[in-house]
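K.L.:
Got a predicted structure here, sequence first:
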Amino acid sequence: MSSDVSKPTSPTSPSSKATERSSVVRVGVLGGGQLGRMLALAGPPLGLRCVCVDPDVAPPCAWVAEHVQRSVDDPDLPSLLDGRVDLLTYEVEHLPIEALRRLERRFVLRPSVRAVEIAGDRLLEKTFLRDLGLRTAPFAAIDAPDEARAAVEQTGAPAILKTRRWGYDGKGQRRITHVDEAHDAAVSLAVPAIAEGFVRFSRELSIVAARGLGGDVRCYPLVENVHREGILRLTRAPASDVSSSLQARAEALVTRILEAFDYVGVIAAELFEVGDELFVNELAPRVHNSGHWTIEGAHTSQFEQHLRAIAGLPLGSPAARGASVMVNLIGELVDRDAVLAIEGAHLHLYDKAPRPGRKLGHITFVADEVSVLRARIAQLPEPLRSASLADFDATR
């Protein structure tokens, strides 16, 4: 298959419609969650159609895209996708690596398996970042519970013990305040794990960027994030008080990462601001929750940008349209009518059943003035209003 799919060959699907519409690029999305859903929604204006691969009966992406109900490691998946997709991408990095390698041998897969393998393993990720000369929290590997104490002695306490793979939204983590707690924390997590020392930061930032097939890099403005219980609650975009030099350092940092991976697509780097330094906390080799504001708040959304990149299309402008704030809906749904009655409210629901700690949707406001954003948050129904105002006021 050609490495440039901006001009796809004629589909081999038995569907006569697909054959007639040979200009449509069919993108297989590994994972069927809300990120895949928003990728699928961004595709049709570009002449792209998404096919989501997910073992669930009715994942969020299946509402807006063709759904292949299979797990990524299903041995029949390659033959099921043959003739139905022109290339593959991801909406989640926690995937079986050997299965991805099998798919990469048969299909165009962007970004590469190497990026997903490294970003999906906290030890490999931290080592990769350190080898690039980037700042991270101190870290040490834990391959058995008996190694936990020595690891925390190396990183210093307090510390966070994390599973190397499969952790997200605060899952797979244990905070400890003293080295004596390390062994029991490692037992409760299971190994392999990693110990990370605390970084005393002033705020949490992130940068979303894209790299195209020809190496063109486009970076979105730095944004400020507020987390509670390990889950992103609110993103303010662009982050306030960002100097041109800080933005330039963030762009240089993420560009170094993109080029080291020979990356194609959108990536997100979660950062800690420490004085005038930026520490890299985590990478996400995909579209990211802290980039949801771009749907209404940027000239090109992160979802459109990712599709442009992987399909070999020119990248769009990442410039902000104004000031934005994105509020996540966690665990409980909100009164839809009450939100839509607020001027300038953009509601995105993911068709997911409520469950504690689960991301069910988000709301974005865009305005010319930051004060207008706060005034609109103040119109949200309780208890979302109070929590979101507190989170917004916690930003700089």
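P.N.:
Received it, and whenever you're ready, just let me know what you need.
K.L.:
so where do the helices sit in the chain?
P.N.:
Ranges of helices in the chain, per DSSP state H, are 16-20, 34-42, 77-81, 97-106, 113-119, 122-131, 148-155, 182-189, 244-261, 294-297, 302-310, 336-340, 370-377, 384-394.
K.L.:
which outside residues touch stretch 344-356?
P.N.:
33-34, 37-38, 60, 63, 292, 295-296, 329, 331-334, 336, 339-340, 358-367, 372, 376 (C-beta atoms under 8 Å, 6 or more residues apart in numbering). Backbone N, C-alpha and C define where each C-beta goes, glycine included.
K.L.:
try it again with 7 Å
P.N.:
Outside stretch 344-356, the residues that touch it by C-beta atoms under 7 Å, 6 or more residues apart in numbering are 34, 37, 60, 63, 296, 331-333, 336, 339-340, 358, 360-367, 376.
K.L.:
Would you list the buried entries among these?
P.N.:
34, 37, 60, 296, 339, 360-367, 376 (16 or more other C-beta atoms under 10 Å).
K.L.:
Report the contact partners of S188.
P.N.:
Applying C-beta under 7 Å, 6+ apart to S188 gives the contacts R174.
K.L.:
Relative to R174, how far out is it?
P.N.:
The span separating S188 from R174 equals 6 Å under the rule C-beta to C-beta, to the nearest Å.
K.L.:
The stretch 201-350 of the chain: strands as residue ranges?
P.N.:
In the stretch 201-350 of the chain, the strands defined using DSSP state E, counting those that start in this stretch lie at 203-211, 217-219, 223-228, 231-237, 265-274, 277-284, 323-330, 345-349.
K.L.:
How far away from the center of its chain is the last one?
P.N.:
When you say that, I think you mean strand 345-349. Offset of strand 345-349 from its chain centre (C-alpha atoms, centre = their mean, to the nearest Å): 19 Å.
K.L.:
of all the buried ones among the contacts of stretch 344-356, which comes closest to V223?
P.N.:
Closest approach to V223 among the buried ones among the contacts of stretch 344-356 (C-beta to C-beta): T364, at 12.1 Å.
K.L.:
Write down the beta-bridge partners of the closest one, one by one.
P.N.:
For T364, the beta-bridge assignment (DSSP bridges) gives partners M326, H346.
K.L.:
List the contacts of it.
P.N.:
Contacts of T364 (C-beta under 7 Å, 6+ apart): H292, W293, I295, E296, G297, S324, M326, H346.
K.L.:
Kindly recompute the last result at 8 Å.
P.N.:
T364 makes contact with H292, W293, I295, E296, G297, S324, V325, M326, V327, A345, H346, H348 under the criterion C-beta under 8 Å, 6+ apart.
K.L.:
do the same with V223
P.N.:
L205, S206, I207, V208, T235, R236, A237, P238, A239, S290, G291, W293.
K.L.:
And the fourth one, how far from C219?
P.N.:
I take that to be V208. Distance, V208 to C219, by C-beta to C-beta: 8 Å.
K.L.:
what's the overlap in contacts for these two?
P.N.:
What both V208 and C219 touch, as defined by C-beta under 8 Å, 6+ apart, is the set P318.
K.L.:
So for these two, which sits in the more crowded spot?
P.N.:
A side-by-side neighbour count of V208 and C219, using other C-beta atoms under 10 Å, places V208 first with 29 against 20.
K.L.:
For that one, give its distance to G344.
P.N.:
For V208, the distance to G344 (C-beta to C-beta) stands at 22 Å.
K.L.:
V254 too?
P.N.:
Per C-beta to C-beta, V254 is found 30 Å from G344.
K.L.:
Have a look at the two and say which one is more surrounded.
P.N.:
When neighbours are counted by other C-beta under 10 Å, V254 and G344 differ, and V254 comes out ahead with 28 against 12.
K.L.:
The more buried one against I207, yeah?
P.N.:
Yes: with contact defined as C-beta atoms under 8 Å, V254 counts as touching I207 (5.3 Å).
K.L.:
can you list residues touching both of the two?
P.N.:
Here V254 and I207 have C219, A269 as joint contacts, going by C-beta under 8 Å, 6+ apart.
K.L.:
before we move on, the earlier item: in JSON lines, list the helices of the chain along with mean pLDDT and distance to S317.
P.N.:
Putting the helices of the chain into JSON lines (pLDDT from 0 to 100; distance: least, C-beta to C-beta, whole Å) gives the following:
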{"stretch": "helix 16-20", "mean pLDDT": "42", "distance to S317": "32"}
{"stretch": "helix 34-42", "mean pLDDT": "98", "distance to S317": "15"}
{"stretch": "helix 77-81", "mean pLDDT": "96", "distance to S317": "33"}
{"stretch": "helix 97-106", "mean pLDDT": "95", "distance to S317": "31"}
{"stretch": "helix 113-119", "mean pLDDT": "95", "distance to S317": "24"}
{"stretch": "helix 122-131", "mean pLDDT": "97", "distance to S317": "28"}
{"stretch": "helix 148-155", "mean pLDDT": "95", "distance to S317": "41"}
{"stretch": "helix 182-189", "mean pLDDT": "92", "distance to S317": "43"}
{"stretch": "helix 244-261", "mean pLDDT": "98", "distance to S317": "15"}
{"stretch": "helix 294-297", "mean pLDDT": "98", "distance to S317": "11"}
{"stretch": "helix 302-310", "mean pLDDT": "98", "distance to S317": "9"}
{"stretch": "helix 336-340", "mean pLDDT": "98", "distance to S317": "28"}
{"stretch": "helix 370-377", "mean pLDDT": "97", "distance to S317": "22"}
{"stretch": "helix 384-394", "mean pLDDT": "97", "distance to S317": "26"}
